[in-house]
Structure formats: C-alpha cells, structure tokens
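**Q** My questions concern the predicted model and sequence given below.
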Amino acid sequence: GSEQSGSLEVRGLRVTFDGFTAVDGVDLTVGAGDLRFLIGPNGAGKTTLVDAVTGLARATGSVRFDGRELLGSSVQKIARAGIGRTFQTAAVFEELTVLQNLDIAAGAGRGIATLLRQRATVPESVERALETTGLTAHRDKPAGTLAHGQKQWLEIGMLLVQDVRLLLLDEPVAGMSHDEREATGRLLEEVAEEHTVVVIEHDMDFLRSFARSVTVLHAGAVLSEGTVAEVRADPRVQEVYLGH
Ligand code: ADP
C-alpha cells in the first residue's frame, strides 16, 4: 500500500577494484513493494552493486533507503536499517532445525544462550515465515537435510523474521528444478506484497513469469530498464545479453 516503506535510491554508484571499475556510475530507483529483477551478462557488476548497497564493497555515490543515506555505513548498520541479503550459496545452520534457524534469525542480536533455550511458544513472526516459505511440515528437520530449494526458502524466511523491508536475493533459483523455480516465483510474489524485493537472475523464462520490472546491467552501467517486454525489445539488450 501507499504507507509501505522499503524504497531504494542509488545515485552515481561507483565501485573500483585496483583501478578496474566494476560499477560505473549506476542510478537505480526501486520503489517500495517492487519486485525488481537485475539481469546482465557475467561480470556486468550485479553482485558488486548488491555488495555496495549492503556495505560489503567500498563505493562512492549515494545509497538512500527510505530517504536515509547508508553509503559508508557498516554492514551491521545497513542490516539493522532493514536491508537483508542472500548469497548464491544458502547460509543456514545445517545442524539446527528449520525452527531453530528461524528462531535464531528472529532473535538476532540477543544472547546465544537465550536463543538456544527451548521456547514454550513459537514467535508469531516465525510461524508466519514457516507458512510463507511452505516449510511448516519441515520445522523440526535439521536444515542440512532439506532439499536445495527448501534451503533457499529457509534463508528467505530468515530475512522475513528480521523486520527486513528490502530483500536483495542473489540468484535464488540457481540449481533449482522447474517445480522449485515456480514455487520460488510464487514465494517472491507473496513476499513482495509486504516488502521490496530485488532479485539477481539469469533465467529469462523465470523473469517473464514473475518480474514486475527489470534493470539490465552491462559493463557496470545500466543498459536498459522497464517491463520484461520493454527490455526484451530493446536492441541494445538483444545485442549484449540475448544475442549469445
Ligand atoms: P556479476 O554479478 O554481474 O556477474 P560481478 O559484480 O561479480 O558481476 O563482477 C563485476 C566485475 O568486477 C567482474 O569483472 C569481476 O571480475 C570484478 N570483480 C568483482 N569482485 C572483485 C574483487 N573483489 N576484486 C577484483 N575484481 C572484482
């Protein structure tokens, strides 16, 4: 709705590694509640852009989240501001159950002893995340025994319980089966009802079904932006991205 927060405004973002410019003056506006896909060939700068937004990569320019400047802030401070992120390899506690993983994420910042103590009741946020991610029936399984797709959904669930308003997901459907991809698409649509979501993705078929808007990066810069149909029709996109 109109009161939803979680808007991202990136201006003139630049990241260099030893004189090599990986992100070259990117402007990117993602409105609250958008489900934006970030595409582009390998090496286009997608992951580095997300690294810069989350404080992992040093950058110049401006990164505003709900109007507040975050560039130069620590990874921890940016996470506390409400920006959550996943990596291509799911980072879950394999030995702990699904429920314990969510519980720990929900209590991030509290003492580990408190977190590991058996709780009489499951927090509401954890119940909701179990439901949203379709993991309710698996709550007592060690996360290490989950299927690849389920681990990715658990990781998204771990962001949902943390009061995150913007989720940045790095290739969440990589390595997934067709059915897992479809389920992930529906999960992202549901998450985007209450959050802003930015997804790095390669699979054009997946994009076609689920993206609300697309930004195409090439050589560290924004090449094209619009609906799936608009960017697919853009000759510059066809040349660098779809042409091979
Ligand atoms: P994408 O995610 O679109 O595949 P990346 O953001 O991973 O692209 O990489 C963009 C460019 O920056 C690539 O040329 C890559 O080799 C380079 N790069 C990324 N991280 C580093 C780093 N830590 N040091 C040096 N170069 C890097």
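**A** Yep, it's here.

**Q** could you pull out the helices for the protein?
**A** Listed in chain order, the helices of the chain (DSSP state H) span 46-53, 75-80, 98-106, 112-116, 124-132, 148-160, 178-191, 204-210, 228-233, 235-237.

**Q** Other residues contacting the first one?
**A** By that I understand helix 46-53. 8, 10, 13, 15, 22-23, 26, 28, 38-40, 57-59, 63, 70-71, 78, 83, 85, 168, 170, 198, 200, 217, 220 (Cβ atoms under 8 Å, 6 or more residues apart in numbering). Placement of C-beta: from N, CA and C, glycine included.

**Q** for the record, mean pLDDT for that helix?
**A** The average of the pLDDT scores along helix 46-53 is 97.

**Q** before we move on, what about the fifth one?
**A** In this model, helix 124-132 carries a mean pLDDT of 94.

**Q** lowest-pLDDT helix or strand in the chain?
**A** Ranked by mean pLDDT, DSSP states H and E, the weakest helix or strand in the chain is helix 112-116, scoring a mean of 59.

**Q** Please report how far residue 156 lies from the ligand.
**A** 19 Å (Cβ to the nearest ligand atom, to the nearest Å).

**Q** hmm, back to that, comparing the helices of the chain, which gets the lowest mean pLDDT score?
**A** helix 112-116 (a mean of 59).

**Q** Residue 69: neighbour count?
**A** By other Cβ atoms under 10 Å, the residues close to residue 69 number 11.

**Q** ok, it - contacts?
**A** So residue 69 contacts 62-63 (Cβ under 8 Å, 6+ apart).

**Q** I'd like the distance between it and residue 166.
**A** Per Cβ to Cβ, to the nearest Å, residue 69 is found 15 Å from residue 166.

**Q** now do residue 205
**A** 26 Å.

**Q** Quick check: chain neighbours aside, which residue is closest to residue 90?
**A** residue 151 (4.1 Å; Cβ to Cβ, 6 or more residues apart in numbering).

**Q** Residues of this structure that sit close to the ligand?
**A** With Cβ under 6 Å from any ligand atom as the criterion, the chain comes near the ligand at residues 17, 20, 22, 40, 42-48.

**Q** Please identify which pair of those residues lies farthest apart.
**A** Pairwise distances among the residues of the chain next to the ligand were taken by Cβ to Cβ; the largest, 17.6 Å, belongs to 17 and 40.

**Q** Neighbour count: those two, which is higher?
**A** Using other Cβ under 10 Å as the criterion, residue 17 and residue 40 rank with residue 40 on top: 25 against 11.

**Q** isn't residue 73 right next to residue 55, touching?
**A** Yes: counting by Cβ atoms under 8 Å, residue 73 touches residue 55, with 5.9 Å between them.

**Q** Neighbour count: these two, which is higher?
**A** residue 55 (22 against 17).

**Q** In contact with the spatially closest residue to residue 209 that is not a sequence neighbour: list those residues for me.
**A** For residue 209, ignoring the flanking residues on the chain, the nearest one in space by Cβ to Cβ, 6+ apart is residue 185 at 5.7 Å. Neighbouring residues of residue 185 by Cβ under 8 Å, 6+ apart: 173, 206, 209-210.

**Q** hmm, back to that, can you pull the contacts of the residue nearest to residue 90?
**A** Taking Cβ under 8 Å, 6+ apart, one finds 90, 92, 143 in contact with residue 151.

**Q** Mind checking which of those residues are buried?
**A** Buried members of those, counted by 16 or more other Cβ atoms under 10 Å: 90, 92, 143.
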